[in-house]
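>>> Requesting a structural model of the entry that follows:
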Amino acid sequence: MSARPRARWRVFAWLSVAQTGAALGVGLTAFAVAVHILERSHSTLAFGVASALGIVPSVLLAPAAGVLVDRWGATRALVVAGLSAAGCSAALAALLATGSDAPVPIGLLLAATAACVALQWPAWVKASTALVEPAQLGRASGWMQLGQAAQHVGSPAVAALLLIQLPPWGVVVCDAGLALASAGVALALALPPDPPARALAFAQELAGGWRWIRERRPLWAWQWYFAASFGTGAFLMLLSRPLLLSMSGVEAMGGALTAGGLGMVVGAVAAGLWGGPRRRATAILWIDGSASVWMLLTALAPSPALVAVTCFLFLVQYALANSLHQAMWQAQVPVEAQGRVFGVRRMVMWAGIPAGYVVAGAMSQWWDVRVVLALAAGARGLGCVIGAAWVPALRQADHMASAAGGVASAADGVAASVGDAAID
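Reported below is the predicted structural model:
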């Protein structure tokens, strides 16, 4: 790297540390609220509703949040998201400190925090694309996966340690501090200014983001492929718990899940150091196909230790595939449209997770958990084969314009797409 790209990479690194901390804080709050609700109400229904409210709004609001990111710019969006999340967490901590377990106010504050997450992620992606050289997008995407790993893997362990010394509301205060720090870092860093965006009505910009993806068949195909991939992956996330409980106690289950979850951290670090191959689409198909093998071996594993190993290897490849996929999109989507485009992408892909939970839960009522996992692994592997052999649009993503040329030429394309939406 020359001096200027190296300086921008340092800015990206500081921004990523702050945003990873904010993501960790979101996970801390989710864990602490779950403990508070279970201790006070002993209601698994209330726990389930609270968990859903911590995720679903961030998925449903992603397209609208993406439009705001394009309108405001990455810096303003990150500051607003951090300050708003800090305020919501502070209010939630005050509510929990009173000993309240009222589901409505707790649920509303969790939903508001999730809305802040919906604003944070596309702003972080947009800022990273502007900061990082096109050749380094794969590495940057890998380091950004640590944010997801911190939220979903690291936060339960950290929260469990904090709860030894602090009440649940004290853990939520830690989340508020991390969110406030992320806003301060985003404000202090010299992020590149956003290119001028075309002013349109809000609904027209929403339609423009969707249409931009629809008009590019390779990205359109990859969006739905990953929605299905996330859906089958949700089978493993959900059913590995009852599978482990059927083999051993709760303590062994927690240890196996923690060891398996570290695979996401290892995969993110590997992607951050490696950056991935030039033919990202081909690599994703190979990685995702081999992940289905580990999923099948999880269904066949006779001991908790082997389940931990197979889950670990599955999540290593999950993080690698996800980082390559994100880098592929960052290289093609113009910076001025990344908010709305990545908002639509996030909504479609992440919708596969709750859908997978519902289908996996329903199927496990009729069949053994191992059978359901094996069927999901088979469906995932078959999808990779079909995608590689009979869906040429997936492979064509490797032949789209390069990062530098792709962003430049795509700028006119997104303007036309959004303009057509305005006419409609």
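>>> For the protein, give the helix that spans the most residues.
The single longest helix within the chain, with elements called by DSSP state H, is helix 3-41.
>>> which residues touch Gly87?
Ala176 (Cβ atoms under 8 Å, 6 or more residues apart in numbering). The way it works is simple: take the backbone N, C-alpha and C, and place the C-beta from them, glycine included.
>>> How far off centre is the longest helix of the chain?
Chain-centre distance of helix 3-41: 12 Å, with Cα atoms, centre = their mean, to the nearest Å.
>>> Tell me the helices and strands packed up against the helix or strand where Gly208 lies.
Applying DSSP states H and E as the criterion places Gly208 in helix 202-214. Contact partners of helix 202-214 among helices and strands, from 3 or more Cβ pairs under 8 Å, 6 or more residues apart in numbering; DSSP states H and E: helix 62-72, helix 217-247, helix 338-364, helix 403-423.
>>> Please work out the average pLDDT along the last one.
Over the span of helix 403-423, the pLDDT mean works out to 38.
>>> residue contacts, the nearest residue to Leu315 once chain neighbours are set aside?
The shortest distance from Leu315 to any non-neighbouring residue, by Cβ to Cβ, 6 or more residues apart in numbering, is to Gly263 (3.3 Å). Gly263 sits next to 311-316, 318-319 when contact means Cβ under 8 Å, 6+ apart.
>>> cool, Ala85 as well?
22, 25-26, 113, 116-117, 120, 175-176, 179.
>>> With Tyr357 instead?
234, 237-238.
>>> if you set the cut-off to 6 Å instead, what comes out?
The contact partners of Tyr357, by Cβ atoms under 6 Å, 6 or more residues apart in numbering, come to 234, 238.
>>> quick one: the residue nearest to the spatial centre of the chain from Tyr318, how far?
Centroid-nearest residue in the chain: Gln148, 5.6 Å away (criterion: Cα atoms, centre = their mean). From Gln148 over to Tyr318 the distance is 10 Å, taken as Cβ to Cβ, to the nearest Å.
>>> count of residues packed around the closest residue in space to Ser290 that isn't next to it in sequence?
Take Ser290 and drop its neighbours on the chain: the residue closest to it by Cβ to Cβ, 6+ apart is Gln317, 6.3 Å away. Residues contacting Gln317 under the criterion other Cβ atoms under 10 Å number 24.
>>> so which strand or helix has Gln317?
Assigned by DSSP H and E, Gln317 falls within helix 304-332.
>>> And the contacts of stretch 345-356?
For stretch 345-356, the surrounding residues in contact (Cβ under 6 Å, 6+ apart) are 59, 62-63, 223, 226-227, 230-231, 234-235.
>>> Next, give me the two most distant ones among those.
Pairwise distances across the contacts of stretch 345-356 (Cβ to Cβ) peak at 26.3 Å, for the pair Pro63 and Phe235.
>>> ok, these two, which is more surrounded?
Counting neighbours by other Cβ under 10 Å for Pro63 and for Phe235 shows that Phe235 has the greater number, 28 against 25.
>>> what residues are up against that one?
356, 360, 376.
>>> Contacts only, for the closest residue to the first one other than its chain neighbours.
If the residues on either side of it in the chain are set aside, Gly356 comes closest to Ala234, at 2.8 Å by Cβ to Cβ, 6+ apart. Under the criterion of Cβ under 6 Å, 6+ apart, the contact partners of Ala234 comprise 353, 356-357.
>>> quick one: contacts for Gly289?
Applying Cβ under 6 Å, 6+ apart to Gly289 gives the contacts 381, 384.
>>> for the record, mean pLDDT for stretch 55-72?
88.
>>> what about that stretch, distance to the chain center?
13 Å.
>>> What strand or helix carries the residue nearest to the centre of the chain?
Counting by DSSP H and E, Gln148 is found in helix 137-149.
>>> Domain map for the protein?
The record's domain parsing of the chain by automatic domain parsing lists 1-190, 206-424.
>>> worst average pLDDT in those?
Mean pLDDT across the domains of the chain is lowest at domain 206-424; the value there is a mean of 82.
>>> I'd say Gln326 and Ser141 touch.
Yes: counting by Cβ atoms under 6 Å, Ser141 is a contact partner of Gln326 at 4.3 Å.
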